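Engineer: Using only what follows, build the 3D model:
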Amino acid sequence: MDHAAQTARLRAEVPVRVSECLDACERANVVVVQPSAAGRAAGGRPVWLGLVNDPAATEDIVEWVRAGGPGVAPLPEILGLYACPPPRR
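Structural biologist: Modelled structure (predicted):
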């Protein structure tokens, strides 16, 4: 996976913050989709997606965020396959 291209694609659509470590290396690439203000008001919570190593998965994330993301738009079935719990510390 071209990490720079993936980050650039996401950044073209939504704010992106890159972290050195999310303590989930076994699931890399991990993308955490934060709810928008509207999503938080509707009860949306961050959604952790792991093994996002395919450009098509990146596009699915972009489309979901465009639709409103957590709390606004339901998680697409295809992205449910990538959903993973956050690590416990």
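Engineer: elements contacting the longest helix along the chain?
Structural biologist: Across the chain, the longest stretch assigned as helix under DSSP state H is helix 55-67. Contact partners of helix 55-67 among helices and strands, from 3 or more CB pairs under 8 Å, 6 or more residues apart in numbering; DSSP states H and E: helix 3-11, strand 31-33, helix 77-80. (Each C-beta comes from the backbone N, C-alpha and C, glycine too.)
Engineer: Give me whichever of these is most buried.
Structural biologist: Among the helices and strands packed on helix 55-67, the stretch with the highest mean neighbour count (mean count of other CB atoms under 10 Å) is strand 31-33, at a mean of 18.
Engineer: what's it in contact with?
Structural biologist: Here strand 31-33 makes contact (CB atoms under 8 Å, 6 or more residues apart in numbering) with 10, 22, 46-49, 52, 61, 64-65, 69-70, 86.
Engineer: what about 6 Å?
Structural biologist: Here strand 31-33 makes contact (CB atoms under 6 Å, 6 or more residues apart in numbering) with 46-49, 52, 69-70.
Engineer: Let me have the helices and strands packed on helix 55-67 in CSV, adding mean pLDDT and distance to Val18 as columns.
Structural biologist: Listed next are the helices and strands packed on helix 55-67 as CSV, based on pLDDT from 0 to 100; distance: least, CB to CB, whole Å:
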stretch, mean pLDDT, distance to Val18
helix 3-11, 94, 6
strand 31-33, 96, 11
helix 77-80, 97, 20
